[in-house]
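In: Next one to model:
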Amino acid sequence: MASVLNRTTREYRRSVNTPEYPVQDWIIDPDLSAVTGVPSRYWVITGDVVTEMDQAAKDAVDAQELADLYDKLADTLEQSDSYDRAIALTLLDGVNNLSGKITGILNAIDNATNLASLKSAIAAITDAPQRTPAELKAALRARLET
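Out: Below you'll find the model as predicted:
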């Protein structure tokens, strides 16, 4: 019986029947002394030799894992009917309302012919409503139902 290490997934198995593990996919009885205590995500496999990544490579692995986690969380918000999704969409509505107000102000500036017309145009832009906790609760319920 031997131990094996998968070259791609870095899965390590002990006491296996080696004929069941082709050498193109598995290292038979790998020497892991260079990576003792090091998480397998930081291992580099070159031929049958397993070594530890340098710090720059580890940082790149960590950055990719974090990016993957962010993508997974973003996908979860898009794909689920969760409370978190409802909160995110309600906040997005608020951001969009503020963006509309800013666009209105910028258009007023572009179209103003003098200071008086600018003041008049900006005064005509309605304020974004202030939400109460009850209104937020209602907006969240509405988002959960969509």
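In: Off-centre distance for the helix of greatest length in the chain?
Out: Among the segments of the chain that qualify as a helix by DSSP state H, the longest is helix 83-111. Centroid separation between helix 83-111 and its chain, computed with CA atoms, centre = their mean, to the nearest Å, is 23 Å.
In: Does anything pack onto that helix? Which helices or strands?
Out: helix 55-79, helix 115-123, helix 133-145 (3 or more CB pairs under 8 Å, 6 or more residues apart in numbering; DSSP states H and E). Quick note: C-beta positions are derived from backbone N, CA and C, even for glycine.
In: hey, least reliable of those helices by pLDDT?
Out: Per-segment mean pLDDT for those reaches its minimum on helix 133-145, at a mean of 75.
In: which other helices and strands contact that helix?
Out: helix 83-111.
In: quick revisit: any chance of the helices and strands packed on helix 83-111 in a markdown table, with distance to V44 too?
Out: Shown next, in a markdown table, are the helices and strands packed on helix 83-111 (distance: least, CB to CB, whole Å):
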| stretch | distance to V44 |
| --- | --- |
| helix 55-79 | 7 |
| helix 115-123 | 61 |
| helix 133-145 | 46 |
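In: Adding mean neighbour count and distance to L5, write the ones you listed out as a markdown table.
Out: Below are the helices and strands packed on helix 83-111 laid out as a markdown table (neighbours: other CB atoms under 10 Å; distance: least, CB to CB, whole Å):
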| stretch | mean neighbour count | distance to L5 |
| --- | --- | --- |
| helix 55-79 | 11 | 18 |
| helix 115-123 | 12 | 68 |
| helix 133-145 | 12 | 47 |
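In: No more questions from me, cheers.
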